[in-house]
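S.K.: Structure for this input, please:
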Amino acid sequence: MNLKIVVIGLSVTSSWGNGHATTYRALLEALAQRGHRVTFLERDMPWYRNNRDLTKPSSWNVRLYQHLQDVPRLFGSLIRDANLIIIGSYVPDGIAIAEWVTAHTQGLTAFYDIDTPVTLAGLDEGLQYISAAMIPRFDLYLSFTGGPVPGMIEDVYGSPMARTLYCSADIELYRPHKAKPKWSLGYLGTYSDDRQLQLEKLLLAPALEHPEQRFVVAGSKYPDHLAWPANVDRVEHIAPQEHPTFYAQQRFTLNVTRADMRSLGFSPSVRLFEAAACGAPIISDRWPGLETIFAPSSEILLASSPREVIEIINEMPEDRRLSVAERARQRILRDHTPDHRAQQLEDYYLEAANRRLKVPRRNVAGRTMHVAEM
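M.R.: Next comes the predicted model:
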């Protein structure tokens, strides 16, 4: 099976404040290696243009566009001829693009929601990249969140087929590196209001209690007014190529989860997979479904309070610290590589294609946006 696949996503060219980039890069490379012809379409936004860190991919294509009208004008035939068109979350003017794509392509259409809990929480308030009315028009809804959530998307929002597609880690890039540990505990992630309280509780509070140890927080968009303990280093941005070394310099790395994702559960971030692939021992907050990704205590360490974090970093024997990290890495290699995700997507495509044969695409209700109107 060799498919023509078009992905319209937030940004694949820049990872600055954008966890979607490494998620897309890993998946697209795996699809290309499996023989599919893959093109990624990205709006050329100033923020990402000024912070690009993707070298030209050798096995798939990236094409940039400036305006909404460019999508049908420049890529109309590409989209119409594709076997599968995937539109990702947070795409600028995503609703308008989805209306045109679902009305004009003969291929299967999918919405890839890399932030499903955030999307579901905001649907009733109105989002720029997806609406409740658009969900039934996609042949396939690919959800960052697993567990019962895909079934809910089918039952509540009318998706004809919703399936889980977790993130993954590029195991060629994300692998163990040798480096002298600099920090007892570190964290890598873009700032988020609803994640900051967890970060303060599970990293900053232990840092304040142990001023003789060093800690680190890396990531962009943190407000200038935040106060950091003297023993907490701040790094504004670390490019993906530098992630393995960064993880190697931490004795433990912290995973903290946004409130909507903790509430729904079954929402592992891409950083969780990448840290495990690098062989970093992970301390994570608790949320439903985590045990379906990694085995608690054996492959991942859980903490809900500063005291639990302090006990782990100060009292855990070195052999157990290393064995937890190694078991997590083996779990990645067994279940969570980009090739696993690409194969899942192929299976979903075949399932959706068979469903299309049995249940012809229904007429689009309401007014359809034409090319000339975009």
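
S.K.: Can you tell me what sits against the longest helix seen in the chain?
M.R.: Taking DSSP state H as the criterion, the chain has its longest helix at helix 338-358. Helix 338-358 is contacted from outside by 1, 3, 26-27, 29-31, 33-34, 83-84, 108, 110, 139-140, 142, 160-161, 163, 165-171, using CB atoms under 8 Å, 6 or more residues apart in numbering. C-beta coordinates here come from the backbone N, C-alpha and C atoms, glycine included.

S.K.: quick one: contacts for the residue lying closest to D115 once chain neighbours are set aside?
M.R.: The shortest distance from D115 to any non-neighbouring residue, by CB to CB, 6 or more residues apart in numbering, is to S89 (5.4 Å). The contact partners of S89, taken as CB under 8 Å, 6+ apart, are 10, 20, 111-115, 119, 129-130.

S.K.: Got phi/psi on S89?
M.R.: phi -70, psi 150 (degrees, to the nearest 10).

S.K.: Number of residues surrounding G122?
M.R.: 15 (other CB atoms under 10 Å).

S.K.: I meant to write F144 there.
M.R.: By other CB under 10 Å, the residues close to F144 number 25.

S.K.: Same question for the one 5 residues further on.
M.R.: V149 is flanked by 23 other residues according to other CB under 10 Å.

S.K.: I figured it was touching T116, is that so?
M.R.: Yes: the criterion here is CB atoms under 8 Å, and V149 meets it with T116 at 6.2 Å.

S.K.: okay, and the common contacts of those two?
M.R.: Common contacts of V149 and T116 (CB under 8 Å, 6+ apart): 143, 264.

S.K.: just to revisit the earlier point, may I have the longest helix of the chain as CSV, with CA atoms only?
M.R.: What follows is helix 338-358, C-alpha atoms only, in CSV (Å, rounded to 0.1, in the frame of the first residue of the first chain):
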residue,chain,number,x,y,z
PRO,A,338,7.0,6.2,15.0
ASP,A,339,6.8,3.0,12.9
HIS,A,340,4.1,1.7,15.4
ARG,A,341,2.1,4.9,14.8
ALA,A,342,2.5,4.8,11.0
GLN,A,343,1.3,1.2,11.0
GLN,A,344,-1.7,2.2,13.2
LEU,A,345,-2.5,5.0,10.8
GLU,A,346,-2.4,2.6,7.8
ASP,A,347,-4.8,0.2,9.7
TYR,A,348,-7.2,3.1,10.4
TYR,A,349,-7.0,4.2,6.8
LEU,A,350,-8.0,0.7,5.6
GLU,A,351,-10.8,0.5,8.2
ALA,A,352,-12.2,3.9,7.1
ALA,A,353,-11.9,3.1,3.4
ASN,A,354,-13.9,-0.1,4.0
ARG,A,355,-16.4,1.8,5.9
ARG,A,356,-16.7,4.4,3.1
LEU,A,357,-17.5,1.5,0.6
LYS,A,358,-20.3,0.3,2.9
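
S.K.: gap between it and the chain center?
M.R.: 19 Å (CA atoms, centre = their mean, to the nearest Å).

S.K.: Do you know the pLDDT at R367?
M.R.: Listed pLDDT for R367 reads 40.

S.K.: no no, M374
M.R.: 44.

S.K.: on that earlier part again, between the contacts of S89, which is nearest G186?
M.R.: Closest approach to G186 among the contacts of S89 (CB to CB): H20, at 21.9 Å.

S.K.: how about the closest one, phi and psi?
M.R.: As for H20, its main-chain torsions (degrees, to the nearest 10) stand at phi -70, psi -30.

S.K.: do the same with the one 5 residues further on
M.R.: Backbone torsions of R25, given as degrees, to the nearest 10, read phi -60, psi -50.

S.K.: wait, it sits on D170?
M.R.: Yes: here R25 lies in contact with D170, judged by CB under 8 Å, at a distance of 6.6 Å.
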